[in-house]
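A.B. asks: Generate a structure from the sequence data that follows.
(chains A and B)
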Amino acid sequence: MNEVVLRIEGFRKTYGDLVAVEDLSLTVYRGEIFGLLGPNGAGKTSTLECLEGLRKPDGGALDILGVDPARQPGRLRDLIGVQLQLAGLPGSMTVREAMRFFSAYHRVAPRDDLLARLGLGEKMNSQYSELSTGQQRRLALALAVAHRPPVVFLDEPTAGLDVESRAELHAMMHELRDAGATILLATHDMAEAEKMADRVAILLRGRVAAAGSPRELTAAGAGMTKVSIRTEQSLLFQNGAQFPAAERHTVADDYTVYFSTDPGATVSAILDHVTTHGDRLIDLRVERPSLEERFLEITHTGGAR
Amino acid sequence: MTAFAHHFAYEFKTGLRNPTLMLMNYLFPLAFYAMMGLVMIEINPLFTDTIVPAMAVFVAMVSTVLGLPGPLVESREAGIYRSYKVNGVPALSILSIPALSTIFHVLIVTAIIIVTASPFFGGVLPESWGGFAGVTLVIVFAMGALGLLISVVAGGSRSTVLFSQLIFLPSTLISGLTMPLEALPASVRPVSALLPATHAMQAYQGLAYGREALIDPWASVAILGAGGLLALGLAIYLFNWDSRNDARRGRPLLALLAIVPYVAGVFLMG
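C.D. replies: Okay, here's the model as predicted:
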């Protein structure tokens, strides 16, 4: 995973007086699923649209496998597959026609197997306007990867998908990655990013506020691990017990919840306390902070790395 | 099949599959032709002389100036061009292939008119089929390019209708389609010379029917050809993939340059 596939250096994009992205630098390696996260207006779409050749950057350098998206759009098309968030197909175009149409422009054979795989095999003669939102997104994904591009951009790919389609899409993303494709995934879904992405960058006001693997990012936060415990007599809460490294506790659904900077020490002390006070353990859960919690922490604090 | 063939086949089928395009390409022009054949000839028997060229021009106008721009504007507004761009569909294909398929529909309906005008309505057929075919091709090129230019500069469906009607409505009244130019007041004739349909009728009269025209028919052909080339060039230059992306190469007002050849035509009107 060392070959650089996509490099962004000092990228800047403005719209009149509005600076959408400022001095953004990222490197993405072959075979990576890279998550691009951020609240609305953070600059994700501007970055993606410049990488996809839909807009021109105002500064900095963009490079996808040696190709400058703004200057070499013809070469770019064979290198990238794009599932756009804000795009569509003609309402009267059938699924079969769409596959043949775009495959012809990419000079590859149509991939009806992909359509079948994504549950569109029985919709081949349905017009785009007759498809559900989920089916439209699955078709967009099939069209994006039909020419087997080495780099795939997915913008909110699972929005509007049911659970089954979402799982199928995730499996397909893993297959693409295992086959050597690099995926740039822009999503609002933190659980999806945490599950799918090898590395993520959180954008805030056009700059990278944090970057790394989901595990690194969550570890770099306030570092509070959630320890939830439920006992027969709920003595922990009743006597207001305090434990090492546990900074606070709350009660939710019969569970006493501690947030600990040293979960090992906290759990050990809690278990001793339960035993020595004659209470009995029913359930104990230790959860590290989620990417969503870290994301909220970063966006609320303004992006401390 | 090549990408062009796939694209053309899709656009051609859309012209039949899409109810609005079906109406504009076939139902409306053929219904109007039938009405003119049944009613107009009763009112003005001399209309048999011009029913074929007049209806050929009408068909071209309805399909290209009225019918072509709307779906193109809707496609741009719906982000369809963005999908096209990221999949390598060239801008020239986006503009030219719908125009070509529309022209194909126009030629089919024109052929229906040629075949039926004489037996059903006593319509007079051209003396020179070569002249008729040549003039028809120039007309559909000029009007198709105008339709494309409208689709590029119109900001939405309302302005599309407005721009199309600015050409279509006066054309039906003062271009010689429904009444001879000679019958128009002298003060109106210069205005009619600004309309492509006027030059289309004059070119048909002179080059397909060997009749006297108010404007040199070759000059009319030249004006239509130049107007078409200018409109096409401007459409390509002003083309925008995405209404969300306001980085245009030029101001839409540049489109007015397309009327320059027609302004020259005003001075040629006899």
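A.B. asks: tell me which parts of chain B are close to chain A?
C.D. replies: B:1-3, B:5-7, B:10, B:14, B:17-18, B:75, B:78-80, B:82-83, B:85-89, B:241-242, B:244-245, B:247 (CB under 8 Å from any CB of the partner chain). The C-beta positions use only the backbone N, C-alpha and C, and glycine is treated the same way.
A.B. asks: hmm, 7 Å instead?
C.D. replies: B:1-3, B:6-7, B:10, B:14, B:17-18, B:75, B:78-80, B:82-83, B:85-89, B:242, B:245, B:247 (CB under 7 Å from any CB of the partner chain).
A.B. asks: Helices along the stretch 201-305 of chain A, start to end?
C.D. replies: A:214-219, A:235-238, A:263-276, A:291-301 (DSSP state H, counting those that start in this stretch).
A.B. asks: can you pull out the strands in the stretch 151-300 of chain A?
C.D. replies: A:151-155, A:182-186, A:199-204, A:207-212, A:225-231, A:246-252, A:255-260, A:281-287 (DSSP state E, counting those that start in this stretch).
A.B. asks: just flag whichever of those has the lowest average confidence.
C.D. replies: Sorting the strands of the stretch 151-300 of chain A by mean pLDDT places strand A:246-252 lowest, at a mean of 71.
A.B. asks: CA atoms only: put that strand into CSV for me.
C.D. replies: Taking Å, rounded to 0.1, in the frame of the first residue of the first chain, the C-alpha atoms of strand A:246-252 are listed here in CSV:
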residue,chain,number,x,y,z
ALA,A,246,-12.9,7.4,35.7
GLU,A,247,-13.8,11.0,35.4
ARG,A,248,-17.5,10.9,35.6
HIS,A,249,-20.5,8.6,35.7
THR,A,250,-24.1,8.7,34.6
VAL,A,251,-27.0,6.3,34.6
ALA,A,252,-28.8,5.1,31.5
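A.B. asks: Which secondary structure elements does that strand sit against?
C.D. replies: If you count contacts as 3 or more CB pairs under 7 Å, 6 or more residues apart in numbering or on different chains; DSSP states H and E, strand A:246-252 packs onto strand A:255-260.
A.B. asks: tell me which residues in the strand it packs on are buried?
C.D. replies: A:255-260 (16 or more other CB atoms under 10 Å in any protein chain shown).
A.B. asks: Quick check: nearest residue in space to A:Arg12, chain neighbours excluded?
C.D. replies: Nearest residue to A:Arg12, sequence neighbours excluded (CB to CB, 6 or more residues apart in numbering or on different chains): A:Gly59, at 3.6 Å.
A.B. asks: Check the one you found and give its pLDDT.
C.D. replies: The model's pLDDT for A:Gly59 equals 93.
A.B. asks: could the strands of the stretch 151-300 of chain A go into JSON lines alongside distance to B:Thr136?
C.D. replies: Formatted as JSON lines, the strands of the stretch 151-300 of chain A follow (distance: least, CB to CB, whole Å):
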{"stretch": "strand A:151-155", "distance to B:Thr136": "46"}
{"stretch": "strand A:182-186", "distance to B:Thr136": "51"}
{"stretch": "strand A:199-204", "distance to B:Thr136": "57"}
{"stretch": "strand A:207-212", "distance to B:Thr136": "60"}
{"stretch": "strand A:225-231", "distance to B:Thr136": "77"}
{"stretch": "strand A:246-252", "distance to B:Thr136": "79"}
{"stretch": "strand A:255-260", "distance to B:Thr136": "80"}
{"stretch": "strand A:281-287", "distance to B:Thr136": "75"}
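A.B. asks: With respect to B:Leu253, which of those lies nearest?
C.D. replies: With CB to CB as the criterion, B:Leu253 lies closest to strand A:151-155 of the strands of the stretch 151-300 of chain A, at 34.6 Å.
A.B. asks: can I get the CA coordinates of the closest one in CSV?
C.D. replies: C-alpha atoms of strand A:151-155 as CSV (Å, rounded to 0.1, in the frame of the first residue of the first chain):
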residue,chain,number,x,y,z
VAL,A,151,-9.5,5.0,-8.7
VAL,A,152,-13.1,5.2,-7.7
PHE,A,153,-14.9,8.2,-6.2
LEU,A,154,-18.0,7.5,-4.2
ASP,A,155,-20.0,10.4,-2.9
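A.B. asks: which other helices and strands contact that strand?
C.D. replies: Against strand A:151-155 (3+ CB pairs under 7 Å, 6+ apart) you get helix A:44-51, strand A:80-83, strand A:182-186.
A.B. asks: Just want the angle from the helix or strand hosting A:Glu22 to strand A:207-212.
C.D. replies: Here A:Glu22, judged by DSSP states H and E, is contained in strand A:18-29. Here strand A:18-29 runs at an angle of 20 degrees relative to strand A:207-212 (axes from the mean of the first three to the mean of the last three CA atoms, to 10 degrees).
A.B. asks: neighbours around the residue nearest to B:Ile80 when sequence neighbours are not counted, how many?
C.D. replies: Spatially, and ignoring its direct neighbours in sequence, B:Ile80 is nearest to A:Gly88 (5.4 Å; CB to CB, 6+ apart). Applying other CB atoms under 10 Å in any protein chain shown, we find 19 residues neighbouring A:Gly88.
A.B. asks: For the stretch 51-200 of chain B, give me the ranges with low pLDDT.
C.D. replies: Scanning the stretch 51-200 of chain B for pLDDT under 70 picks out nothing.
A.B. asks: give me the residue from it nearest chain A.
C.D. replies: The minimum distance from the stretch 51-200 of chain B to chain A, using CB to the nearest CB, falls at B:Gly88 (3.6 Å).
A.B. asks: Contacts only, for that residue.
C.D. replies: The neighbours of B:Gly88, taking CB atoms under 7 Å, 6 or more residues apart in numbering or on different chains as the test, are A:77, A:105-106.
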